[in-house]
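Student: make a model of this:
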Amino acid sequence: LTSYGADLPGQPTLGQMVRRVLQGVPEVRRLRLSSIDPAEIDADLLRLLETEPRLMPHLHLSIQAGDDLVLKRMKRRHLRADVIALVRKVRDRRPDTVFGADLIAGFPTETAEMAQRSVDLVQECGITYLHVFPYSPRGGTPAAHMPQVPVEERRRRAAVLRTAGERQLAAYLRSHVGERQIVLTETPETGRTEHFATVDFATPVEPGVLIQASIDSASTSALQGTPC
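Tutor: Next up, the predicted model:
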C-alpha cells in the first residue's frame, strides 16, 4: 500500500493521498490502512497519524521476520532496528497506536535463535495483532533453492509466534475493561473500536453506525460491550 504513487505524475505519496481523501470527503468518519511496508512510511502519513483523529491509530506492518540475516535473505528493505525505531516514532506522535504484523515462520536457513528473535520483537514492540504464516516454497524464487527448515519445525515455530500474539492481544484487551469506546458496528452482534479490537454485544445493535459502548469484560480475543 505504501508504494502508492510511484508510477503517477509527481509521484504523490500515500500520506498525501490519504490527506486529500480526508479533506475531500468529510463524511468519512474513519479511515483505516491495510498492510504497509515499514521502509516506506512517509512524513505526511506520520503527520496525519499525529493530527487527524479520523485516521485510525492502528497500523499493520509487513515485518516478516525479527532477525536481520533472515530479512536480508528475504530481500526486505528494513532491519529489526528499523521496525523498533518506527514503532517508537509513531507512538511518540500518537501514543495509543496499536500495531499488527505479518510474520513468516521457518524461512529457509532460519535457526532456532533467529526464530526466537521474531518472538522477542513481538514482545519488544508490543505488537497486538499477528498474521503468522509458516514458510511455503514458491517455485522460481531464490528461497526455494536455499536449505529448507523441516515442515513440522516450521509449523511449530508458527505456533510459538501465534501463542505470543495471543498473549499480547489478551493483555491489550484486558487493559480496556471498564472504559467507554466508540465502536463502529459491523453486524448486529459485533463491532470494532478505533484500535481494531472486536467488540461483541449481548443484544442486537444497528449495523454500520458509530455508537458508544461500555466495555464490561474481555475474552482472549474480543471485548464484551453494552451500548450506552
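
Student: let's verify the residue nearest the centre of the chain: helix, strand, or coil?
Tutor: In the chain, the centroid-proximal residue (CA atoms, centre = their mean) is residue 100; its distance is 1.9 Å. Taking DSSP: H, G, I helix; E, B strand; the rest coil as the rule, one finds residue 100 in the strand state.

Student: so what's it up against?
Tutor: Residues touching residue 100, when contacts are defined by CB atoms under 8 Å, 6 or more residues apart in numbering, comprise 58-61, 127-131, 196. Every C-beta, even on glycine, is put in place using the N, C-alpha and C of the backbone.

Student: if you set the cut-off to 10 Å instead, what comes out?
Tutor: Listed by CB atoms under 10 Å, 6 or more residues apart in numbering, the contact partners of residue 100 are 35, 58-63, 127-131, 165, 169, 196.

Student: hey, what's residue 129 bridged with?
Tutor: Partner residues in beta bridges with residue 129: residue 100, with DSSP bridges as the criterion.

Student: what number of residues lie near it?
Tutor: Around residue 129 there are 17 other residues, counting by other CB atoms under 10 Å.

Student: what about the strands in this protein?
Tutor: Secondary structure of the chain (DSSP state E): strands at 35-36, 58-64, 98-105, 129-134, 180-185, 190-192, 198-201, 210-218, 223-227.

Student: and those strands, which one is worst for confidence?
Tutor: Averaging pLDDT over each of those singles out strand 35-36 as the lowest, with a mean of 93.

Student: still on that earlier bit, separation between the residue nearest to the centre of the chain and residue 196?
Tutor: Residue 100 is 7 Å from residue 196, where distance means CB to CB, to the nearest Å.

Student: hmm, back to that, rebuild the strands of the chain as TSV, extending it with distance to residue 144.
Tutor: What follows is the strands of the chain, written out as TSV (distance: least, CB to CB, whole Å):
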stretch	distance to residue 144
strand 35-36	23
strand 58-64	16
strand 98-105	14
strand 129-134	15
strand 180-185	42
strand 190-192	38
strand 198-201	37
strand 210-218	42
strand 223-227	42
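
Student: these: which one's closest to residue 155?
Tutor: strand 129-134 (5.3 Å; CB to CB).

Student: send me that closest one as CSV with only the CA atoms.
Tutor: Backbone C-alpha positions of strand 129-134 (Å, rounded to 0.1, in the frame of the first residue of the first chain) are rendered in CSV as follows:
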residue,chain,number,x,y,z
TYR,A,129,-2.4,-8.4,16.1
LEU,A,130,-0.4,-11.1,14.3
HIS,A,131,-0.8,-12.7,11.0
VAL,A,132,1.6,-15.7,11.1
PHE,A,133,2.4,-18.0,8.2
PRO,A,134,4.7,-21.0,8.1
